[in-house]
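Visitor: What would the 3D arrangement of this be:
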Amino acid sequence: MTKLLFTLLAFPAVALADTVTLSTGEAIEGELLDLQASFVMLRLPDTEGEAIRRLGPDRIESLSFSDPQASLESQALKRAKFISLLSLEDARLLPRYLSQLLDAGDALSALSYAKLWHPKNRHPSLDSHYRVTLVRSAAAAGLSDEALVHAQRWLALSPPPVDHPLPWQIQAQHQLEKGDFEAALWTSLTPLAHAQHRSSSDLAALRAIASQAYQNLGYAEHSLAYQSDFPRPTQPFHFDPLHPPQ
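Guide: This next block holds a predicted model:
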């Protein structure tokens, strides 16, 4: 019993140790501390005191974390230190934490973290999550010019993100406010034309912009059509949302 108690006191974290699996298959347990000069710093249990092992990223196959009961904030901030080495499962925690910050009204923190983490993200499936946060958090913080920059960078991708209404909305609203009604119309109609399966609430702002742009261009019939959930012209004419009337 005494020996067991000594073991538990001497190695309090071993049962819940982080694990670094090397490309050779070797698994090393300890506490993941940080990434310094591109080296993963791992604290090892040692009867004589602390022992820190440095591991080059080229030797690492995967990282495993031992904090399933920790808060989302704690999990995300720890994993963010090793963002370039994270599995997809662990990497997903970071955008989740950003969403939590936004929902809590801390837009500036969400924006700051998103700008820091997005360039280091190595999972393409998470790219749009970061871009949504960049645009939303900048807008929520009252930084409309920065929100526009993030939206325009997103729209500059090839292929353009037609499945995501947000950047189109930000760009079209900017064009509408500048008085560039034709550009606002085209920008708002592009995602609408690809939105057969999106909920109407996601597209309400785009429809409103399209309606206003049509109105300002003198096409009242088209403007009225976009004031409903499912745009339909009130007069019979060929209607192609990607090719507005000239």
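Visitor: next helix or strand past the helix ranked longest in the chain?
Guide: Identified as the longest helix of the chain according to DSSP state H is helix 200-217. Note on helix 200-217: by DSSP states H and E, the next helix or strand toward the C-terminus is helix 220-225.
Visitor: List phi and psi for His123.
Guide: Note on His123: backbone dihedrals following degrees, to the nearest 10 are phi -110, psi 110.
Visitor: sorry, that was for Pro68
Guide: As for Pro68, its main-chain torsions (degrees, to the nearest 10) stand at phi -60, psi -20.
Visitor: Next one: it from His123, what distance?
Guide: 21 Å (CB to CB, to the nearest Å). The C-beta positions use only the backbone N, C-alpha and C, and glycine is treated the same way.
Visitor: Give the other helices and strands that the lengthiest strand in the chain contacts.
Guide: Looking across the chain with DSSP state E, the single longest strand is strand 27-36. Secondary-structure packing of strand 27-36 (3 or more CB pairs under 8 Å, 6 or more residues apart in numbering; DSSP states H and E): strand 18-22, strand 39-44, strand 51-55.
Visitor: what lines up beside it in the sheet?
Guide: Strand 27-36 pairs in its sheet with strand 18-22 (antiparallel), strand 39-44 (antiparallel), by DSSP bridges.
Visitor: Can you check what angle separates the shortest one from strand 51-55?
Guide: Our comparison of strand 18-22 with strand 51-55, counting by axes from the mean of the first three to the mean of the last three CA atoms, to 10 degrees, yields an angle of 40 degrees.
Visitor: just to revisit the earlier point, who has more neighbours, Pro68 and His123?
Guide: The neighbour comparison of Pro68 against His123 (other CB atoms under 10 Å) goes to His123, with 17 against 7.
Visitor: chain center to the longest helix of the chain, what's the gap?
Guide: Relative to its chain's centre, helix 200-217 lies at 26 Å (CA atoms, centre = their mean, to the nearest Å).
Visitor: do stretch 119-127 as well
Guide: Distance, centroid of stretch 119-127 to centroid of chain: 8 Å (CA atoms, centre = their mean).
Visitor: so how far is the first residue of it from its last?
Guide: Stretch 119-127 stretches 9 Å from its first residue to its last (CA to CA, to the nearest Å).
Visitor: So which residues make contact with that stretch?
Guide: Outside stretch 119-127, the residues within contact range by CB atoms under 8 Å, 6 or more residues apart in numbering are 83-84, 86, 88, 91-92, 94-95, 118, 130.
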